[in-house]
Every structure is written in structure tokens, then in C-alpha cells.
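Participant: Below is the structure, and that's it, no one-letter string:
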């Protein structure tokens with residue numbers, strides 16, 4: 001589904017595993033998420049949230065901006081998952 005339509009907002013709130021994608025891909029995805037979103041490093045990866053409801057600080061960004069960023073993140077994940 002994601003490869004057919006990367007505009008799905010699948011990467012608006014997500015966890016990326018360094019074991020599965022590698023640390024370089026995870027860092028690239030976080031960079032595309034931006035500095036104005038909630039990011040929390042966890043034991044084996046990183047959690048990112050762009051929606052008020054899914055992070056303890058209540059941070060969010062505009063849905064259209066989230067869609068644009070999600071598309072870029074999807075491309076990074078797609079390349080790393082091959």
C-alpha cells in the first residue's frame with residue numbers, strides 16, 4: 001500500500017527500528033520529520049510523532065506538511081527495507 005500511495009500519512013506517528021532499517025536510514029527519516037516534531041530515542045530505535053494525540057508534549061504540525069514529510073520518510077524506509 002505504501003509503495004502504491006506514499007501520501008497515506010503512514011509516517012505521521014511511528015517507530016523506526018535500527019535493527020530492521022539500520023541507523024543511517026533511521027537518522028535520515030528523523031531528519032525528514034523535522035526539528036519541530038516530537039522525537040524520542042528508545043532502546044532499539046526512534047519514535048516520532050507529528051500528532052497532538054500521540055506524544056506527551058502535544059506537539060503537532062499541519063496535516064499537509066505532515067503528508068509531505070511522510071512521503072519523504074516513506075521513500076527512505078522503502079529503500080532501506082529492500
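Facilitator: Nice, thanks for sending it over. The shown structure was predicted, so the numbers you read here are calculated from the model rather than taken from an experiment. Residues are numbered from 1 along each chain as shown.

Participant: report the longest helix in this protein, please.
Facilitator: Secondary structure of the chain per DSSP state H: the longest helix is helix 63-80.

Participant: Could you report the neighbour count for residue 24?
Facilitator: Burial of residue 24, expressed as a neighbour count using other CB atoms under 10 Å, amounts to 11. C-beta: built from backbone N, CA, C; applies to glycine.

Participant: And it, its phi and psi?
Facilitator: With angles defined as degrees, to the nearest 10, residue 24 sits at phi -70, psi -50.

Participant: The chain: strands as residue ranges?
Facilitator: Defined through DSSP state E, the strands belonging to the chain, from first to last, are 13-17, 38-42, 45-49.

Participant: tell me the most buried of the ones you listed?
Facilitator: Each of the strands of the chain was scored by mean neighbour count; the highest is strand 45-49, a mean of 20, by mean count of other CB atoms under 10 Å.

Participant: Now find how far off-centre it is within its chain.
Facilitator: Chain-centre distance of strand 45-49: 7 Å, with CA atoms, centre = their mean, to the nearest Å.
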